[in-house]
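In: Build the 3D model from these lines:
(chains A and B)
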Amino acid sequence: MSDILLEIKNLKVHFPIRSKQFFGGSTTYVKAVDGVSFYIEKGETLGLVGESGSGKTTVGRSILRAIEPTEGQVTFNVDGQTVDLSQLQGKELRAFRKHMQLIFQDPYSSLNPRMTVRDIIAEPLVAIKLAKGKEVDERVRETAALCKLNLEYLRRFPHAFSGGQRQRIGIARALISRPQFIICYESVSALDVSIQAEVLNLLMDLQAELGLTYLFIAHDLSVVAHISKRVAVMYLGQFVELAPTKQLFSAPKHPYTEALMSAIPEVNPDVEMVPVHLKGEIPSPVNPPSGCRFHTRCPYVEDVCRTEMPEWREIAEGHFAACHFVDSLQLKGTVTADSIGVVN
Amino acid sequence: MDIGTEQIDWDTLLEVQDLKVSFKTDEGIILAVNGISFSVQRGQTLGIVGESGSGKSVSTKAIMQLLPRTAVVDKNSSITWHRENGETVEITQLKKGGREMRRIRGGEIGMIFQEPMSSFSPVHTIGNQIIEAVLAHRQVSKQEAREIAIDMLDKVGISNPSVRVDQYSFELSGGMRQRAMIAVTLSMNPSLLIADEPTTSLDVTIQAQILELMNQLREEFNMAVIFITHNLGVIAQVADEVAVMYLGQILERGTAKEIINQPQHPYTQSLLKAIPRLDHLGKRLTAIGGDIPSPLERPGGCPFHTRCEQAISGVCDTQIPTLTPISNTHTVHCFLYE
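Out: From the prediction side, this is the model:
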């Protein structure tokens, strides 16, 4: 196993909601993330998928400390040092932010229309005070070139650019502080199909060149499968399965993963989609179901699922799942093991 | 539309001939749809694939006469609607707000939009919105309309329809809202349903349910569907026929199998190579170079020549390719095949 860059232990994020009564109402919590543990190796891409409301966004944001986690540890191994992110405060935290950056979803709303491209890309340097004067310009040009932006465009404003170019500006902004870890949050979802491929290729090239580590959060499973070395599946604030991409798509071990995979519309008119039917809707994270959180919708539910929470354990090397019947269920993947290529 | 002789035994429901739509803006005239022709048969699903700016939504809005005032539909365009009783109506000749157009819009051609949240009024209950639509198009009493509403909600798979009927749109989840939208549209019993990116903002599991539901209902009511999307996976799963649009023109048209298994136009071919596919994991994607041209700088000749790797200089950038048949059901606009 190669070096671990980031380790998350028992991460919990609970948002309080006040009750409607003016006095004396009790506070309840939305358990957006409820006990998530995983690690990310240096230079790999970990994909994170789940339906809306599963908490994947909150996981990303709380790693960056854009949201304060309620509980849990986030340790970051950088330059031979181990830093507990949840303990950093004020100046230390601010200085540490150069190591981790975010690429946003919507390239239209994430760039300030009143700033030039140069200023947008330079902003992290200025904000964290990493460079001054001429050095800023040099770094901007260097990073822009890395992201295949035309250097003549640096003095223009974002409105002059197309979606794909804007997303490259967003990537350049994320890269300028020379981070080790980048969260790509739905970074290609808002782009047209023909542009999406270009941005995905750029992200993969940059990773190879700079040794970046990505947490790739998206709802499009084919995109996630394409870019990720390992993929984690989230449901209602918890991880249900995490495995190397190929293994997850060919031999899922959790019924929810199976259902999710079966719903991917295949680009092949000869293969008919047979989605696994899930009963009802994703339950509210205020009152998550007892036992296994998926039991209300699981087609394989048994009595034990309603009362006991399944253990999150490693069932094969690097393959984690939380289900009582990991060993007995025969689940179908979307692809057979040999039709699927080797990732990266 | 002359793409062959085999389709005569199907009933043609809608025929669009040489549709041209332009918009007057401060920066000049934008030609959003540039002479497209297609037809829809009873009980069939026509998929329209295209990226932003391809004119896929504009052309369907032209059918419904829902375009804004700044839009100009060319005089030579024709949109012919064939009623069940044999009557034919020329939609472009109808007044936008006239009685006949109102009868078609909603009543005979239903439409589902992408954003299920903004399609509903937040201050009226779901039930009232269905009842309003039903009363406008069908001769029934208010009580009967309410029963139709509950029945439709049940049909689209909303649990507890008699309770849901009195709820507001914000009380429903995204998937349920889209189902309710389908219920509103279907309660008028349209012969053609236009679905404009109906599943784009939904999760895959919900998307799969909605697609299945639409297929079921299509069979039950023998409805024709125009399905607009940019997702080739969805197209492969729902469409009988596919039209590939780019910058206001249809570049290729054929059955779903032909388009996906034997794409002919370089644009269709590159689109299929540009999407990550589960059966080709690990292969590098082939990106299409360049960007989609701005509608103000529409290239001359074939609209795709600026990004096409097989473009023939002196030909593709000056002349517009004509329609070339590949098979009875498959046609392409490209000089490579002329």
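
In: low-scoring stretches of the stretch 51-200 of chain A, by residue?
Out: Low-confidence regions of the stretch 51-200 of chain A, defined here as pLDDT under 70, do not occur.

In: Flag every residue of it that's near chain B.
Out: A:51-52, A:162-165, A:192-198, A:200 (CB under 8 Å from any CB of the partner chain). (Glycine included, C-beta is placed from N, CA and C.)

In: Report the separation between the residue nearest to A:Thr82 when sequence neighbours are not counted and A:Val286.
Out: Of all residues not flanking A:Thr82 in the chain, A:Thr75 sits nearest, at 5.7 Å (CB to CB, 6 or more residues apart in numbering or on different chains). For A:Thr75, the distance to A:Val286 (CB to CB, to the nearest Å) stands at 30 Å.

In: mind listing the strands for chain A?
Out: A:4-17, A:28-41, A:45-49, A:71-78, A:81-84, A:100-103, A:181-185, A:213-217, A:230-235, A:238-244, A:313-316, A:319-321 (DSSP state E).

In: And A:Thr75 and A:Val286? Which one has more around it.
Out: Using other CB atoms under 10 Å in any protein chain shown, the more surrounded residue of A:Thr75 and A:Val286 is A:Thr75, with 17 against 11.

In: related to what we said a few turns ago, present the residues of the stretch 51-200 of chain A next to chain B as TSV; the columns should include neighbour count and distance to B:Val40.
Out: Output for those, formatted as TSV (neighbours: other CB atoms under 10 Å in any protein chain shown; distance: CB to CB, whole Å):
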residue	neighbour count	distance to B:Val40
A:Glu51	24	33
A:Ser52	16	33
A:Ser162	18	33
A:Gly163	20	31
A:Gly164	22	33
A:Gln165	21	37
A:Asp192	22	25
A:Val193	20	24
A:Ser194	23	27
A:Ile195	25	30
A:Gln196	27	29
A:Ala197	26	31
A:Glu198	24	34
A:Leu200	24	35
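
In: With respect to B:Arg42, which of those residues is nearest?
Out: Checking these against B:Arg42 with CB to CB, the nearest one is A:Val193 at 30.7 Å.

In: any idea which of the residues of the stretch 51-200 of chain A next to chain B is closest to A:Thr213?
Out: Nearest member of those to A:Thr213, counting by CB to CB, is A:Leu200, at 16.6 Å.

In: which stretches of the stretch 201-344 of chain A have low pLDDT?
Out: Using pLDDT under 70, the stretch 201-344 of chain A drops low at A:336-344.

In: In the stretch 51-200 of chain B, what residue comes closest to chain A?
Out: Minimum separation of the stretch 51-200 of chain B from chain A (CB to the nearest CB) falls at B:Glu51, amounting to 4.0 Å.

In: so that residue sits in a strand?
Out: No: assessed with DSSP: H, G, I helix; E, B strand; the rest coil, B:Glu51 is coil; it does not lie in a strand.

In: can you tell me how far the closest residue to it other than its chain neighbours sits from B:Asp18?
Out: Nearest non-adjacent residue to B:Glu51, counting by CB to CB, 6+ apart: A:Asp192, 4.0 Å away. The gap separating A:Asp192 from B:Asp18 is 27 Å, by CB to CB.

In: A:Lys98 too?
Out: For A:Lys98, the distance to B:Asp18 - CB to CB - is 58 Å.

In: What of A:Ile282?
Out: Noted for A:Ile282: a distance of 47 Å to B:Asp18, by CB to CB.

In: before we move on, back to that, OK, contacts around the residue nearest to B:Glu51?
Out: Counting by CB atoms under 8 Å, 6 or more residues apart in numbering or on different chains, A:Asp192 touches A:Gly163, A:Gly164, B:Glu51, B:Ser52, B:His230, B:Ile292.

In: Next, work out how far apart it and B:Ile275 are.
Out: 11 Å.

In: what comes up buried for stretch B:171-183?
Out: B:Leu172, B:Gly174, B:Gly175, B:Met176, B:Arg177, B:Gln178, B:Arg179, B:Ala180, B:Met181, B:Ile182, B:Ala183 (16 or more other CB atoms under 10 Å in any protein chain shown).

In: wait, what's in contact with A:Val74?
Out: For A:Val74, the contact set (CB under 8 Å, 6+ apart) comprises A:Leu6, A:Glu7, A:Ile8, A:Lys9, A:Leu11, A:Ser62, A:Ile63, A:Asp84, A:Leu85, A:Ser86.

In: List buried residues within the residues you listed.
Out: By 16+ other CB under 10 Å, these give A:Leu6, A:Glu7, A:Ile8, A:Leu11, A:Ser62, A:Ile63, A:Leu85, A:Ser86 as buried.

In: Of those, which is the nearest to chain B?
Out: A:Ser62 (21.9 Å).

In: correct me, but that closest one touches A:His14?
Out: No: the criterion here is CB atoms under 8 Å, and A:Ser62 misses it with A:His14 at 10.9 Å.

In: Skipping its backbone neighbours, what lies nearest B:Ala62 in space?
Out: Per CB to CB, 6+ apart, closest to B:Ala62 is B:Val21, 5.4 Å.

In: B:Ala236 now?
Out: Among residues not flanking B:Ala236 along the chain, A:Pro269 sits closest, at 4.6 Å (CB to CB, 6+ apart).

In: Count the neighbours of the one you found for me.
Out: Quick note: A:Pro269 (other CB under 10 Å) scores 20 neighbours.

In: before we move on, the earlier item: ok, of the contacts of A:Asp192, which one's closest to A:Gly333?
Out: Nearest to A:Gly333 among the contacts of A:Asp192, with distances taken as CB to CB, is B:His230, at 26.2 Å.

In: tell me the pLDDT at that closest one?
Out: As summarised for this prediction, B:His230 has a pLDDT of 89.

In: cool, and the one 5 residues further on?
Out: At B:Ile235, the model reports a pLDDT of 93.

In: Does it touch B:Val242 like I think?
Out: Yes: the pair B:Ile235 / B:Val242 is scored as a contact, 5.8 Å apart, by CB under 8 Å.

In: If you count surrounding residues, which of the two has more?
Out: Set B:Ile235 next to B:Val242 and count neighbours by other CB under 10 Å: B:Val242 wins out with 28 against 24.

In: beta partners for the residue positioned nearest the centre of chain B?
Out: Nearest to the mean C-alpha position of chain B, by CA atoms, centre = their mean, lies B:Ile228 at 3.6 Å. Per DSSP bridges, the residues bridged to B:Ile228 are B:Ile48, B:Asp196.

In: what about A:Ile282 and B:Asp18, which has more around it?
Out: Neighbours were tallied for A:Ile282 and for B:Asp18 using other CB under 10 Å; the higher tally belongs to A:Ile282 (22 against 12).
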